[in-house]
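Student: just to be clear, the model below is a prediction. Sequence and coordinates:
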Amino acid sequence: MMKVTRRNVLKSSTALVGGMAGILATGRAPAFAQGTTVHWLRWNDFVPASDTLLRREMLPEAEKALGVKINFETVNANDLQPRITSAIQSGSGPDLIMLNNNHPQLYAASCVDMTDVVEPLAKAEGAHYALVQANSNDGKKWISMPWAIIGGMIAYRKSWFEEAGASSFPDTWEKYREVGKALKAKGRPIGQTLGHTFGDAPTFAYPYLWSWGGKEVDESGKVVINSKETVDSVKFMTGFWKDAHDEGGLAWDDTNNNRAFLSQTISATLNGASIYIESLRNPDRYISEKGAQLKTDILHAALPKGPAGQFSMHTYHSHVLPTYSKNAKAAKDFLRWAHSKPVYEKWFVSQKGFATPCTPEWEKHKVWTEDPVMEPYKIAGRLARTPGFAGPADAKAAEVLSKYIVTDMYAKAAQGMPAEDAVKWAESELKKIYV
C-alpha cells in the first residue's frame, strides 16, 4: 500500500476528499512543530448539538489526525467582527476566524490567499454557488474559505394563519400585511428585528428593498437608493410595521425572535431553521395552546414578493486566515480535514438542515427528504442575492452592511421619520462610502 503522507494528501483534489480519512485510518499525523496550536474562532451555533459534536468528537479526531492542538472558541456572532478588527490591529489573535456574509472583503489585505484550499474542493464537489463566489472571492483570489449558508425563511404557525384566513402562507407583502393585521388583533403579531444584529435584520431588509425595485447602487457603483421604488417600500413598511408587527422588534437581536416564537407570543418570524430544530429537540417542552407539540404546527416559507419580484438574502459563513498567524500551514490543513466529505457530512447532518453547504452537490443529500418541513432550505444557495446589488459584494458593500444602513432606513421610518427623509438619510450615508 502507498504510504499515506501529508504530501500525498495535498497532491490532488481527490486526496482532499479521501486523504484525511486515510490519515485517520493509519493514525499517522503530518509533521508540525511540537506544540502547534490552531486557534479557531466561531459563533455560538444556533444548533447547540453541532458545537457539542465538534468539542467532544470531531476536534479530538482532528488533533489525532493532524498532530496539532485545536483551541476552539465560540462567541456571539455579533462579536466576530469586533474580534477580527482588534486582532488585525494588534497583529495577534485567532488563526481561523468565522465571518458573516461579505465581511471578508473588508479584511482581504490582511488575510491569507485561500485559493489553494478552496479550488480543490470545488473540483471535488462542483462549483460553488454564485453567492459564495461573490462573498468570498475578490475577483482575483479566494479571500476566505466557504463554510455554510444559513437559509433565511419565515417560520410561521400554520394553525394561527389558518384561523386568520390564510390556508397557505401569503405570497405578497399586501396579503402578508392583511393577515398580520388580523393576527396582531388577536395578540399574535409578526416578530421581526430591525436592530443592529448580523442575521435576521439584513436578511429581511435587503430582500424587502429589492422586491420593491430598490437597490443601493447600480452596476457602475453609483448610489441610486433614492428612488420612487425605495420610497414606496419605506412608506409601505411604516404601515406594515404598525399594523402587523411586535413593535418591540426594533431592539431585538437574532435570539429574541427565537424566544418569542417558542414562547408563543409571535406568529411568524424570518429566521434560520433553529426555532423548528429546537422544537424537535425538546418536543414536550414546547406545547401549543391546544395541547399539541409545537413542532407539528410550524412551517417555513420564503419571503413574499413585491412589485419587482421575490428575493432572498441568506446569512453566509466562511473562515479567514489572518496574515499575522504563525500557524497558517496547520490552519489550512485543518480546513482541508474539516471539509473532507466524511468529516463535513457528520457536522452537516448534526445541523438537520439549519446550514446549507456551499456547493449544489449537497442538495442531493437525504437530510432534505427526511423532514419535508425543512425542504424549503435545500436550495437557499441558489436563490440568494448578495449585499451591494446591483454592484459587487465588495468592501464598500460590506461596509454598508456592517453599518446597517439599509436596515436603519426602515427602522427610522418605523420610529416616525418621514419615508422621504429616511431614504435621503440612507442616500447620504451610502455616498460617504461609495465615493
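Tutor: Received the coordinates, thanks. Numbering: from 1, shown residues only.
Student: just want the most central residue of this structure.
Tutor: The chain has Thr315 as the residue nearest its centroid, 2.0 Å off, counting by C-alpha atoms, centre = their mean.
Student: how about the contacts made by that one?
Tutor: By C-beta atoms under 8 Å, 6 or more residues apart in numbering, Thr315 lies in contact with Asn100, Asn101, Ile149, Ile150, Gly152, Phe198, Gly199, Thr203, Gly272. (C-beta placed from N, C-alpha, C; glycine too.)
Student: and these, which of them are in helices?
Tutor: Thr203 (DSSP state H).
Student: dump the contacts of Thr315 into CSV; add distance to Ala251 and pLDDT as well.
Tutor: Below are those laid out as CSV (distance: C-beta to C-beta, whole Å; pLDDT from 0 to 100):
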residue, distance to Ala251, pLDDT
Asn100, 20, 97
Asn101, 22, 97
Ile149, 27, 97
Ile150, 22, 97
Gly152, 20, 96
Phe198, 15, 95
Gly199, 15, 96
Thr203, 18, 97
Gly272, 20, 95
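Student: pLDDT on the longest helix along the chain, on average?
Tutor: The longest helix of the chain (DSSP H) is helix 228-244. Mean per-residue pLDDT for helix 228-244: 98.
Student: that helix packs against which elements?
Tutor: Judged by 3 or more C-beta pairs under 8 Å, 6 or more residues apart in numbering; DSSP states H and E, helix 228-244 is in contact with helix 173-185, helix 202-211, helix 405-414, helix 419-433.
Student: which helices and strands does the last one pack with?
Tutor: Looking back up the chat, that one is helix 419-433. With contacts taken as 3+ C-beta pairs under 8 Å, 6+ apart, helix 419-433 sits against helix 228-244, helix 395-402, helix 405-414.
Student: quick one: contacts of the last one?
Tutor: It refers to helix 405-414. With C-beta under 8 Å, 6+ apart as the test, helix 405-414 has contacts from 194-196, 201-202, 205-206, 208-209, 216, 225, 234-235, 237-238, 241-242, 247, 250, 400, 419, 421-423, 425-426, 429-430.
Student: count of neighbours near Pro357?
Tutor: Residues near Pro357, counting by other C-beta atoms under 10 Å, number 24.
Student: was I right about it contacting Phe348?
Tutor: Yes - using C-beta atoms under 8 Å, Pro357 makes contact with Phe348 at a distance of 6.1 Å.
Student: ok, His319 to Met114 distance?
Tutor: Between His319 and Met114 the distance is 8 Å, computed by C-beta to C-beta, to the nearest Å.
Student: count the residues that sit near Val435.
Tutor: Using other C-beta under 10 Å: Val435 sits among 8 other residues.
Student: closest one to Tyr377 out of the contacts of Thr315, please.
Tutor: The closest of the contacts of Thr315 to Tyr377 turns out to be Gly272 (C-beta to C-beta; 8.1 Å).
Student: domain assignment for this structure?
Tutor: Domain assignment for the chain by automatic domain parsing gives 6-149+316-366, 153-313+403-433.
Student: please compute how far the longest one lies from its chain's middle.
Tutor: How far domain 6-149+316-366 lies from its chain's middle: 15 Å, per C-alpha atoms, centre = their mean, to the nearest Å.
Student: residue ranges with poor pLDDT in this protein?
Tutor: Confidence mapping of the chain against pLDDT under 70 gives the ranges 1-34.
Student: and the strands in it?
Tutor: All strands of the chain, identified by DSSP state E, fall at 37-43, 69-75, 96-100, 145-150, 153-157, 268-271, 298-301, 315-320, 355-356.
Student: make TSV out of the ones you listed and add distance to Pro189.
Tutor: Listed next are the strands of the chain as TSV, based on distance: least, C-beta to C-beta, whole Å:
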stretch	distance to Pro189
strand 37-43	28
strand 69-75	31
strand 96-100	27
strand 145-150	24
strand 153-157	12
strand 268-271	9
strand 298-301	17
strand 315-320	24
strand 355-356	29
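Student: closest one to Val118 among these?
Tutor: strand 145-150 (6.0 Å).
Student: adjacent strands (with direction) for that closest one?
Tutor: The pairing partners recorded for strand 145-150 under DSSP bridges are strand 315-320 (antiparallel), strand 355-356 (antiparallel).
Student: out of the ones you listed, deepest packed?
Tutor: Per residue and on average, the most neighbours among those fall to strand 355-356, with a mean of 28 (mean count of other C-beta atoms under 10 Å).
Student: can you pull out the residues in contact with it?
Tutor: Contact with strand 355-356 is made by 47, 148-151, 314, 317, 348, 362, 377-378, 380-381, as judged by C-beta under 8 Å, 6+ apart.
Student: repeat that with 10 Å
Tutor: Here strand 355-356 makes contact (C-beta atoms under 10 Å, 6 or more residues apart in numbering) with 45-47, 50, 129, 147-151, 272-273, 314-317, 347-348, 362-363, 365, 367-368, 377-382, 384.
Student: now a ChimeraX select for only the buried ones of those residues.
Tutor: Buried residues within the contacts of strand 355-356, by 16 or more other C-beta atoms under 10 Å, are selected in ChimeraX with:
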select :45,46,47,50,129,147,148,149,150,151,272,273,314,315,316,317,347,348,362,365,367,368,377,378,380,381,384
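Student: and the gap between the closest residue to Gly388 other than its chain neighbours and His103?
Tutor: The shortest distance from Gly388 to any non-neighbouring residue, by C-beta to C-beta, 6 or more residues apart in numbering, is to Ala397 (2.7 Å). Distance, Ala397 to His103, using C-beta to C-beta: 10 Å.
Student: which neighbours do these two have in common?
Tutor: With C-beta under 10 Å, 6+ apart as the test, Ala397 and His103 both reach Asn135, Pro387.
Student: wait, Thr265 touches Gly187, no?
Tutor: Yes - assessed by C-beta atoms under 10 Å, Thr265 is found in contact with Gly187 at 8.1 Å.
Student: now the common contact residues for Pro357 and Phe348.
Tutor: Counting by C-beta under 10 Å, 6+ apart, the residues touching both Pro357 and Phe348 are Ala148, His365.
Student: wait, which of the helices and strands packed on helix 228-244 is closest to Lys69?
Tutor: Counting by C-beta to C-beta, Lys69 lies closest to helix 202-211 out of the helices and strands packed on helix 228-244; the figure is 35.5 Å.
Student: how about the closest one: buried residues?
Tutor: Neighbour-count burial for helix 202-211, counted by 16+ other C-beta under 10 Å, picks out Pro202, Thr203, Phe204, Ala205, Tyr206, Pro207, Tyr208, Leu209, Trp210, Ser211.
Student: tilt between that helix and strand 153-157?
Tutor: Counting by axes from the mean of the first three to the mean of the last three C-alpha atoms, to 10 degrees, helix 202-211 points 100 degrees away from the direction of strand 153-157.
Student: possible to save the helices and strands packed on helix 419-433 as a markdown table with mean neighbour count and distance to His300?
Tutor: What follows is these, written out as a markdown table (neighbours: other C-beta atoms under 10 Å; distance: least, C-beta to C-beta, whole Å):
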| stretch | mean neighbour count | distance to His300 |
| --- | --- | --- |
| helix 228-244 | 19 | 19 |
| helix 395-402 | 23 | 24 |
| helix 405-414 | 24 | 22 |
